[in-house]
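# Sequence below, structure please.
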Amino acid sequence: SARSASIIALYQQYYKPVVDKPTQNYPSLNNNYPWESTYWWSLRLDHTIGPNDKVFGAFSYGAIPRIQLAGDGGPFEMGTHNGGPLTTGEVQGSYSTWLELSYSHSFSANIVNVANYVYNGYYQNAPPLTFGASDTNWTAAIGLGNISSFAGMPHMKFGGMNGVTEGPIGATQGNAWLNEFNAVFSDNVIWQKGRNSIKFGGEIRGISQSPGSEPGELTYNFGSGDGIPASQYSALSPFTGFGFANFILGEVGTASEATSLNLYGRRKEYALYASDSYRMNKRLTLDASLRWDFNRPLHEKYGHWSNFNLTAHDPAWGNLLGAETWLTHPGDSFQKQIDYFDFGPRVGASYLLTPKIVLRGGFGLSYAPIGNNTWDAIPYYSQADFGFQAINQVKQVSDYQAAFQWDRPEERRVGKECRSRWSP
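Below you'll find the model as predicted:
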């Protein structure tokens, strides 16, 4: 195969064997994280406006960029940070932003009002290392540029046989990202009255979770069974065939092109609370509080969310109940049940055992809505987005027959057998 020969030429150029052996002739990395760095910047400002008014501001920014190889490894060019054109690595970047603004006003010597705004953001992305390898569009360089706009090397995997395997090459994904933030505004009144420290107030919280990915990344699988005579497949398949040999021939078993899916999870939460901290004596302090939470349903900004309904009916399944259902409009949600009575009591105590030792204990009830503690926009993300992402693939023909020969222009389009799963 001419296309395979061009890829083998890149391997010979960028990963030339350093010892005269047919296998294990090129050094591998000790771990899948060959480089990592951490940066952190912080700024704080306090300002007294007058005898009764103060403002406070703080800002922090952190970044942790690192190189990460795919879990199944792959080649990495010595002496480089990009790994060369055939690496499976990616540049994984994690970035956090934190901002706090506060304003306090003293009504008297024992009553203070404090208003706060806090923003906490997190962003992560992971573009393939091959994007930066020699500043070359590798998809176009090997003759696949008319299929996809993806600039990285397509991902290629090879079936093994008899305990002998060949590691994957090429980018495992296009650029993927996750953008999350929460913003909280709160207002509190603190009242010191004798031995009591009384606090009451409320807060409004906005939460956003937005994962996304870049389309176009190509994946080609070269099976070990392709080319075995059909009549002898059962007898020969355990002992013959090799995926890398089918790669040399250009015989592709299955292939796919990544499609994009960007989701935007949103939620608002509200709360009211009151607490009292009572100092019994110089050693013992008792605390009691009550918090009321009102959590709005999680929703996807454009309604891209599906769910399996056990009582719905799909005509394709005859008389059986159960069907995939979709939201009817943006901002709608499958979280229909709203609890207006999320009251959370909390009690605690602290005891000064010695001048250097304080004992603390407490009990409290908190409410965490489904979908907040997640990396994704909607709960059970891998299943709940069904119906909103297209699948562009060439499916397997059989265990012993290649789907297409990728040198032939009329067969090399990945979407030859494209099927989509968009909602009706």
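
# and the longest helix for this protein?
helix 2-14 (DSSP state H).

# And that one, how far out from the chain middle?
Its chain's average C-alpha position is 33 Å from that of helix 2-14, according to Cα atoms, centre = their mean, to the nearest Å.

# Just the mean pLDDT for it, thanks.
Across helix 2-14, pLDDT averages out at 91.

# residues of it that come out buried?
Judged by neighbour count (16 or more other Cβ atoms under 10 Å), helix 2-14 contains these buried residues: R3, S4, I7, L10, Y11, Y14. C-beta coordinates here come from the backbone N, C-alpha and C atoms, glycine included.

# Which pLDDT value belongs to the nearest residue to the fourth one once chain neighbours are set aside?
Going back to what we said before, that points to L10. Spatial nearest neighbour of L10, chain neighbours left out: P85 (5.3 Å); criterion: Cβ to Cβ, 6 or more residues apart in numbering. pLDDT, P85: 87.

# Return the helix or strand in the protein with minimum mean pLDDT.
helix 381-384 (a mean of 62; mean pLDDT, DSSP states H and E).

# Just give me the neighbour total for L236.
Residues contacting L236 under the criterion other Cβ atoms under 10 Å number 14.

# do the same with the one 4 residues further on
Other residues within reach of T240 by the criterion other Cβ under 10 Å amount to 15.

# Low-confidence regions, this structure specifically.
71-73, 131-134, 145-148, 237, 371-375, 380-387, 409-424 (pLDDT under 70).

# List the contacts of stretch 93-105.
For stretch 93-105, the surrounding residues in contact (Cβ atoms under 8 Å, 6 or more residues apart in numbering) are 52-66, 112-126, 181.

# again, only using 6 Å
52-65, 112-125 (Cβ atoms under 6 Å, 6 or more residues apart in numbering).

# now swap in stretch 207-219 and tell me
148-150, 154-155, 173-182, 256-260, 262-267, 376-377.

# Give me the buried subset of those residues.
148, 150, 154-155, 173-182, 256-259, 262-267, 376-377.

# Out of those residues, list just those in strands.
Mapping the buried ones among the contacts of stretch 207-219 onto strands (DSSP state E) picks out 155, 176-182, 256-257, 265-267.

# Throw those residues into a markdown table and include distance to A312, thanks.
Formatted as a markdown table, those follow (distance: Cβ to Cβ, whole Å):
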| residue | distance to A312 |
| --- | --- |
| H155 | 37 |
| A176 | 32 |
| W177 | 34 |
| L178 | 31 |
| N179 | 33 |
| E180 | 32 |
| F181 | 35 |
| N182 | 34 |
| S256 | 30 |
| E257 | 32 |
| G265 | 23 |
| R266 | 25 |
| R267 | 25 |
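
# Tell me the one of the residues you listed nearest N309?
Nearest to N309 among those is G265, at 20.4 Å by Cβ to Cβ.

# which residues pair with that closest one across the strands?
Beta bridges link G265 to Q209, E300, judged by DSSP bridges.

# residues contacting it?
Applying Cβ under 6 Å, 6+ apart to G265 gives the contacts Q209, E300, A377, I378.

# What residues does Y302 make contact with?
P330.

# helix, strand or coil for it?
With DSSP: H, G, I helix; E, B strand; the rest coil as the basis, Y302 sits in coil.

# one step back: if we take the ones in strands among the buried ones among the contacts of stretch 207-219, which one ends up nearest to H313?
G265 (28.7 Å).

# how close does that closest one sit to G206?
12 Å (Cβ to Cβ, to the nearest Å).

# Return a ChimeraX selection command for the buried portion of the contacts of stretch 93-105.
Provided next is the ChimeraX selection string for whichever of the contacts of stretch 93-105 are buried by 16+ other Cβ under 10 Å:
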select :54,112,114,116,118,119,121,122,123,124,125
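
# and E90, how many neighbours does it have?
26.

# Find the residue closest to it in space, skipping its chain neighbours.
A126 (4.5 Å).

# same thing with V19?
N25 (5.0 Å).

# How many residues are close by I357?
A count of nearby residues for I357, using other Cβ under 10 Å, gives 8.

# Can you report phi and psi for L263?
L263 adopts backbone torsions of phi -120, psi 150, taken as degrees, to the nearest 10.

# Now that it has come up, it's in contact with P379, right?
No - if you go by Cβ atoms under 6 Å, L263 and P379 don't touch, sitting 11.6 Å apart.

# Not counting residues beside it along the chain, what's closest to A140?
Per Cβ to Cβ, 6+ apart, closest to A140 is A151, 7.8 Å.

# where does the residue nearest to V19 land in three-state SS?
Per three-state DSSP, N25 ends up coil.

# what's the neighbour count on it?
12.

# and what of S213?
Neighbour count of S213, defined by other Cβ under 10 Å: 20.

# Is A115 located within a helix, as I assumed?
No - if the criterion is three-state DSSP, then A115 is strand and not within a helix.

# ok, it - contacts?
Y103, D187.

# With N309 instead?
Counting by Cβ under 6 Å, 6+ apart, N309 makes contact with A323, T325.

# How far off centre is the helix or strand containing it?
Element membership for N309, per DSSP states H and E: strand 306-313. Taking the mean of its C-alpha atoms, strand 306-313 sits 27 Å from the chain's own mean (Cα atoms, centre = their mean).

# got the buried residues for that strand?
For strand 306-313, using 16+ other Cβ under 10 Å, the buried residues are S306, N307.

# neighbours around V358, how many?
The number of residues packed near V358 is 12, by other Cβ under 10 Å.

# Any idea what it is bridged to?
L352.

# Next one: it from S350, what distance?
To S350, V358 is 6 Å away according to Cβ to Cβ.

# repeat for T219
58 Å.
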